[in-house]
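Chemist: Just the structure for this:
(chains A, B, C and D)
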Number of protein chains: 2
Amino acid sequence: MADDVASLAAKVDHLFQTVRPHAGREFSFEEVAEALRAKGGPTISATYIWQLRKGIRDNPTKRHLEALAGFFGVPPAYFFDDEETRRIDAELMLLTALRDSPVRQIALRANGLSPKSLEAIADMVDRVRELEGLPQPPPPTPES
Amino acid sequence: MADDVASLAAKVDHLFQTVRPHAGREFSFEEVAEALRAKGGPTISATYIWQLRKGIRDNPTKRHLEALAGFFGVPPAYFFDDEETRRIDAELMLLTALRDSPVRQIALRANGLSPKSLEAIADMVDRVRELEGLPQPPPPTPES
DNA sequence: GTGCGCCCTTCACTTCAGTTGACGAATCGC
DNA sequence: GCGATTCGTCAACTGAAGTGAAGGGCGCAC
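Modeler: Prediction:
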């Protein structure tokens, strides 16, 4: 229970590292605060988000946990239940990708296609990726 | 978000009504506080527990939620379980379904592409879908 | 090189979560 | 009946949660 402190910070940190606006850089603290403000619900100051990530403050309130979880698109249980955390971590990359709605569209509609077609589409995506100068490997296993 | 207040109080109240020491009377606030003290972890004053049940205070901190959940033998997520959480859980279901699918690869690699490219790919997927005689509209919201 | 802008960091301050202590209403033993 | 105990309720206080504003580093444009 003592490492619970470090644990929360680690989880927030992990979310920042994994859930990114576009491929590339992570969200800034200000951006997250801004997004929450825009969303209309409870807001969190950029400073406080930073403190949570660094582990300087652990023990946020229910509402703040909800807001943070909401932003990153994970259930609040992510911050409590380690079982749940592991399960979601495994899917985070995909989850993040799907938050980009066009990608979501593609995934939903690709579902049910024949393996052959899927392979062809995957190839095409890779080709485009190359053209746009994006790095090839979105790694299958991102874990430490 | 306003009924969020009532919601937490209702949940705590429900726990008191349901989880009882023996058949018969419910736990007193003091008893709960005492049990938590004995348990060694973070403690909660009897008064505060009362306030939470009455809805006078909503918005407890992470540690207190954990302690309370621990006492009543429910996961901390119990206190959060609202519409939003269920929605996200539903998404996670979808992800789990996609786990080993090639669709997963496509989604991951499509992430970060320019809107233009994404649109092109989406079009292509639709075309293939048509060719394979699949129905056009995969519903966006699987929920009730 | 210099100025501008973005971002992380720090700290003093404000606000609210959480506790303490007290009061009246039941319940029990004598 | 009447003190002692226990419970729910209330209000004033304390300390920690959470914020704002300013410092300081780093990259970019000019």
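Chemist: Centroid-wise, who is the farthest residue in chain A?
Modeler: The centre of chain A is farthest from one residue, residue A:116, which by C-alpha atoms, centre = their mean lies 30.4 Å away.
Chemist: which residues does residue A:19 contact?
Modeler: By C-beta atoms under 8 Å, 6 or more residues apart in numbering or on different chains, the contact set of residue A:19 is A:27, A:72-73, A:92, A:95-96. All C-beta atoms are positioned from the backbone trio N, CA, C, and that covers glycine.
Chemist: circling back: kindly confirm my reading that the residue farthest from the centre of chain A is in a helix.
Modeler: Yes: checked against DSSP: H, G, I helix; E, B strand; the rest coil, residue A:116 lies within a helix.
Chemist: Contact partners for it?
Modeler: So residue A:116 contacts nothing (C-beta under 8 Å, 6+ apart).
Chemist: in chain A, which spans are helices?
Modeler: Assignment of helices within chain A using DSSP state H yields the ranges A:4-18, A:29-39, A:46-54, A:62-72, A:82-99, A:101-110, A:115-131.
Chemist: Dump the contacts of residue A:19 to a markdown table, plus neighbour count and pLDDT.
Modeler: Listed next are these as a markdown table, based on neighbours: other C-beta atoms under 10 Å in any protein chain shown; pLDDT from 0 to 100:
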| residue | neighbour count | pLDDT |
| --- | --- | --- |
| A:27 | 18 | 95 |
| A:72 | 21 | 94 |
| A:73 | 18 | 91 |
| A:92 | 20 | 87 |
| A:95 | 22 | 83 |
| A:96 | 20 | 83 |
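Chemist: Now for those residues: which two are most distant?
Modeler: The distance between the two most remote of those (C-beta to C-beta) is 15.0 Å, for A:27 and A:95.
Chemist: before we move on, back to that, which among the contacts of residue A:19 gets closest to DNA strand C?
Modeler: Nearest to DNA strand C, judged by C-beta to the nearest atom of the strand, of those is residue A:27 at 7.6 Å.
Chemist: Quick check: the gap between that closest one and residue A:70.
Modeler: To residue A:70, residue A:27 is 14 Å away according to C-beta to C-beta, to the nearest Å.
Chemist: so what's in contact with the two at the same time?
Modeler: Common neighbours of residue A:27 and residue A:70 (C-beta under 8 Å, 6+ apart) do not exist.
Chemist: Lowest mean pLDDT among the helices and strands of chain A, which one is it?
Modeler: helix A:101-110 (a mean of 83; mean pLDDT, DSSP states H and E).
Chemist: quick check, it touching chain B?
Modeler: Yes: counting by C-beta under 8 Å from any C-beta of the partner chain, chain B is contacted by helix A:101-110 at A:102-110.
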